[in-house]
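Colleague: Pasted the sequence and its predicted model underneath.
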Amino acid sequence: MAMKINADLCTACGDCEPECPTASISVKKGLYVISASGCTECDGEYDKPQCVKVCPIKGCITQLAA
């Protein structure tokens, strides 16, 4: 699986981008997005996705639906 950023909730604070260990978060047209092909949900590195841990908006970053 992978994580996704809800564009309607994201404030574009940028806190998540430097915390991503796989560099899967980037800015596209002023909005932060997560590359599904690169995101590992920090599996094997951390107990929880680091982007979710640092995001100040609850529910902004969630699991990508299958």
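Modeller: Yep, it's here.

Colleague: only C-alpha atoms for contact and neighbour calcs from this point on.
Modeller: Will do.

Colleague: hey, where'd the strands end up in this protein?
Modeller: Counting by DSSP state E, the segments of the chain that form strands are 3-5, 25-28, 31-34, 61-63.

Colleague: For residue 46, give me the backbone phi and psi.
Modeller: Torsion angles at residue 46 (phi, psi; degrees, to the nearest 10) stand at phi -140, psi 160.

Colleague: Look up how far residue 40 lies from it.
Modeller: When distance is defined by C-alpha to C-alpha, to the nearest Å, residue 46 is 10 Å away from residue 40.

Colleague: quick one: contacts for the residue most central in space within the chain?
Modeller: Per C-alpha atoms, centre = their mean, the C-alpha nearest to the average position across the chain is that of residue 51, at 4.7 Å. By C-alpha atoms under 8 Å, 6 or more residues apart in numbering, the residues touching residue 51 are 15-17, 19-20, 61.

Colleague: Which entries within those residues meet the buried criterion?
Modeller: In terms of neighbour count (16 or more other C-alpha atoms under 10 Å), the buried residues within those are 16-17, 19-20, 61.
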